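> return atomic coordinates for the entry below.
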Amino acid sequence: MADESRTEYFIQGVTTAGKRFRPSDWSERLCGVMSAFGPGARGPNARLCYSLYVRPVMLGDIKCVVVDARLRDLEPMAFSFVMSFAKDNGLLVTEACSLPDAPAVAATPISRAG
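Numbering: from 1, shown residues only. Down below sits the predicted model:
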């Protein structure tokens with residue numbers, strides 16, 4: 001059975017006034033701060049990698065941060081921090097779920113009778 005879809009929050013790099021949010025690396029910075037909130041992200045020698053619960057993505061040409069709703073139960077203060085960041089900066093937030101990538105399909109040539 002396929003994994004059940006999880007609720008996620010998409011914080012878009014667009015303000016409620018329709019302007020692009022700056023600085024241009026805001027999503028990487030926010031996800032870098034949140035990198036400590038995830039499995040195996042502990043200790044002084046922990047390698048920096050994005051959290052499973054807060055990660056940067058591109059949707060078209062818009063930078064976004066995807067926040068997994070499970071973070072609310074695992075680390076309520078971290079969830080509140082990220083959502084407050086979006087609210088304080090007037091960023092658009094959409095509740096949705098990510099869809100898995102479609103499997104690659106080989107192109108089949110179309111023959112035309114004629």
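
> all strands for the protein, in order.
Here the chain has its strands, by DSSP state E, at 8-15, 54-59, 62-68, 91-96.

> mind putting the ones you listed in a markdown table, distance to Leu30 and mean pLDDT included?
In short, each C-beta sits where N, CA and C put it, glycine included. Listed next are those as a markdown table, based on distance: least, CB to CB, whole Å; pLDDT from 0 to 100:
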| stretch | distance to Leu30 | mean pLDDT |
| --- | --- | --- |
| strand 8-15 | 8 | 93 |
| strand 54-59 | 7 | 91 |
| strand 62-68 | 6 | 94 |
| strand 91-96 | 10 | 91 |
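
> which one of those lies closest to Gly32?
Gly32 lies closest, by CB to CB, to one member of the strands of the chain: strand 54-59, at 9.2 Å.

> in terms of secondary structure, what does that closest one contact?
Applying 3 or more CB pairs under 8 Å, 6 or more residues apart in numbering; DSSP states H and E, we find strand 54-59 packed against strand 8-15, helix 26-33, strand 62-68.
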